[in-house]
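> here is my input, please return the structure:
(one chain, ligands or ions: 2)
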Amino acid sequence: MKVIRTLNGNSGCNILLCKNDHSYFVRKLCMDSTYESRFFKQIHKLINFSDFLKKENHKSRICVPEILDVGRDIEGYIYYDMQYVNGLLFNKYINRMPVGDVVATFSIILDFVSLEMKNEIMFDIIDLDKIVKNKLSQLNQNIDINTEHCTDVLLTKTISHGDLTFENILIENETNKIFLIDPMDCYLDNALDDVSKLCTEIFAFWSNRNSGTKINPGIYLALRNAMMNNSEFQKYNNLLKCLVLIDLLRTVPYLHKKGSIELANTIHKIVEMDNLWLN
Ligand SMILES: Nc1ncnc2c1ncn2[C@@H]1O[C@H](COP(=O)(O)OP(=O)(O)OP(=O)(O)O)[C@@H](O)[C@H]1O
Ligand SMILES: [Mg+2]
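Ligands and ions are numbered 1, 2, ... in the order given. Just a heads-up that it's a prediction; the model follows:
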C-alpha cells in the first residue's frame, strides 16, 4: 500500500488517499483513543446505510462509500478503508455548478431525507422534551429560546446520518452520484436531525464559515425554496427551529471572533422568526 496524500480532516482522524496494486482507496484512521467508540458507530452507520439503500432498492443517485476493510495498523490505530470518490464536496459544488443542477441534486438529497423520516423504528419513542431541554441547558448560552411548542410532536427513532452538512456530501465527478460520508451518532436518533443540519447550512451558511468564498445568496434562496416545498418539513417548524439553534449554539466556542459576530446575528434572527420558512 502506498500513501498518495493526506485529505482534509478535522475530527481527530487522519484521512489518507492510498493506492494498492489495483486501485485507489481512502483510509480513515482514528488517532484519538477517546474517539474510538464513535468511530465504530460511524462504521456501523455506513454499513446500515448501505443495507438501507439496498433494501429500499434505491434508484436515486444517493450512495455511501463501500467499506473495504477494517483493522488496526502497526502503530495500534484503528482504521477503515473505503472506496475513493473522486468528486466535489457539496459546499464547493454549489458555487461551481449551474443553479438548476444544484437544485436538482439538492432535491434528491431532500427526497432521501424524507425517505429516512418514513422509516420509523416503531415503539422506540424519543423523549423530545427531555432531550431538547437537556441539550439547551448544556449549551448554557444567555439566549431565551422558547421551547413551548417544539416538543408537541411524538417522534420515534429513524435511520439518520447524524452530521449531514454540505462538507459531508461528496458529488462524484464522472457519475454525478451523491455520496454521503462521515456519518455520526447524534443526540437525536431521528432524520429530523439531518433536516436541521441542512437548515443550518441554508440559514447560517455553515460549511462556508472558513472558506472565505463569497456567498451567492441566489443559490441559497433556491435551496431554501426547495426545502419549503416539502410539506413534511414544515410540519416540524417549531422543533426544527430549536434543533437549528442547538446546532448553532453548539458551535459558538469553535468560531473565531469575526465569525462569532455573524453567527450571533444569525442566531438572533432565527430566535425572532415565527416560522422558519416564511421569513
Ligand atoms: N471516500 C472518500 N473519497 C474521497 N474523499 C474522501 C472520502 N472520505 C473522505 N474524503 C475527504 O476527506 C475529508 C474529510 O473526511 P471526513 O468528513 O470523513 O472526516 P472529518 O472531516 O475529519 O470529520 P469531521 O467532518 O467530522 O470533522 C472529506 O471532506 C473529503 O474531502
Ligand atoms: Mg466531515
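
> number of nearby residues for the residue of the stretch 101-250 of the chain found nearest ligand 2?
Shortest the stretch 101-250 of the chain-to-ligand 2 distance, computed as Cβ to the ion: residue-wise this is residue 182, at 3.7 Å. Where C-beta positions appear, they are placed from N, C-alpha and C, glycine not excepted. If you count neighbours by other Cβ atoms under 10 Å, residue 182 ends up with 22.

> again with residue 22
Residue 22 - counted by other Cβ under 10 Å - has 6 other residues nearby.

> how close does it sit to ligand 2?
Spatial separation of residue 22 from ligand 2 under the definition Cβ to the ion, to the nearest Å is 27 Å.

> is it true that that residue lies in a helix?
No: with DSSP: H, G, I helix; E, B strand; the rest coil as the criterion, residue 22 is assigned coil and is not in a helix.

> where in the stretch 51-200 of the chain is pLDDT low?
Under the criterion pLDDT under 70, the flagged ranges of the stretch 51-200 of the chain are 57-58, 140-141.

> list the contacts for residue 222?
Applying Cβ atoms under 8 Å, 6 or more residues apart in numbering to residue 222 gives the contacts 99, 102-103.

> PyMOL command for the buried members of those?
Isolation of the buried members of these (16 or more other Cβ atoms under 10 Å) is achieved in PyMOL through the command below:
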select buried, resi 102+103
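
> in stretch 272-279, what counts as buried?
With the criterion 16+ other Cβ under 10 Å, stretch 272-279 contains buried residues 276-277.

> picking that back up, and of the contacts of residue 222, the nearest to residue 225?
Here the nearest of the contacts of residue 222 to residue 225, counting by Cβ to Cβ, is residue 103; it sits at 8.2 Å.

> would you mind listing what in this structure touches ligand 2?
Where proximity means Cβ under 5 Å from the ion, the interface of the chain facing ligand 2 comprises 168, 182.

> any chance you could map the helices in the chain?
Assignment of helices within the chain using DSSP state H yields the ranges 36-55, 90-96, 99-118, 128-139, 192-204, 217-228, 231-234, 237-251, 257-272.

> what sits against residue 219?
With contact set as Cβ under 8 Å, 6+ apart, residue 219 has these partners: 94-95, 99, 102.

> farthest pair within those residues?
Longest distance between any two of the contacts of residue 219 is 10.8 Å, between 95 and 99; criterion Cβ to Cβ.

> near residue 149, how many other residues are there?
Here the count is done by other Cβ under 10 Å, and residue 149 has 12 residues near it.

> pretty sure it is touching residue 238, no?
Yes: using Cβ atoms under 8 Å, residue 149 makes contact with residue 238 at a distance of 4.4 Å.

> phi, psi of the residue nearest to the spatial centre of the chain?
The centre of the chain sits closest to residue 164, judged by Cα atoms, centre = their mean, with a distance of 1.1 Å. Backbone torsions of residue 164, given as degrees, to the nearest 10, read phi -80, psi 70.

> how near is it to residue 61?
15 Å (Cβ to Cβ, to the nearest Å).

> got the contact list for residue 24?
Taking Cβ under 8 Å, 6+ apart, one finds 4, 17-18, 84 in contact with residue 24.

> any quick PyMOL command for the buried ones out of the residues you listed?
Paste this into PyMOL to select the buried members of the contacts of residue 24, with burial taken from 16+ other Cβ under 10 Å:
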select buried, resi 17+18+84
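
> could you work out the most separated pair of the contacts of residue 24?
For those, the maximum inter-member distance is 9.6 Å, found between 4 and 84 (Cβ to Cβ).

> quick one on the thing from earlier: which of the helices of the chain sits most buried?
Comparing the helices of the chain by mean neighbour count (mean count of other Cβ atoms under 10 Å), helix 192-204 comes out on top with a mean of 24.

> domain parsing for the protein?
Residue ranges for the domains of the chain, per automatic domain parsing: 2-83, 87-272.

> which neighbours do residue 4 and residue 84 have in common?
Each of 17, 24 lies in contact with both residue 4 and residue 84 under the rule Cβ under 8 Å, 6+ apart.

> picking up where we left off before, my guess is the residue of the stretch 101-250 of the chain closest to ligand 2 meets residue 168, correct?
Yes: taking contact to mean Cβ under 8 Å, the distance of 4.4 Å between residue 182 and residue 168 places them in contact.

> what about the residue nearest to residue 41 when sequence neighbours are not counted, how many residues nearby?
Of all residues beyond its chain neighbours, the one nearest residue 41 is residue 185 (4.3 Å), with distances taken as Cβ to Cβ, 6 or more residues apart in numbering. As a burial measure, the neighbour count of residue 185 was computed by other Cβ under 10 Å and equals 15.
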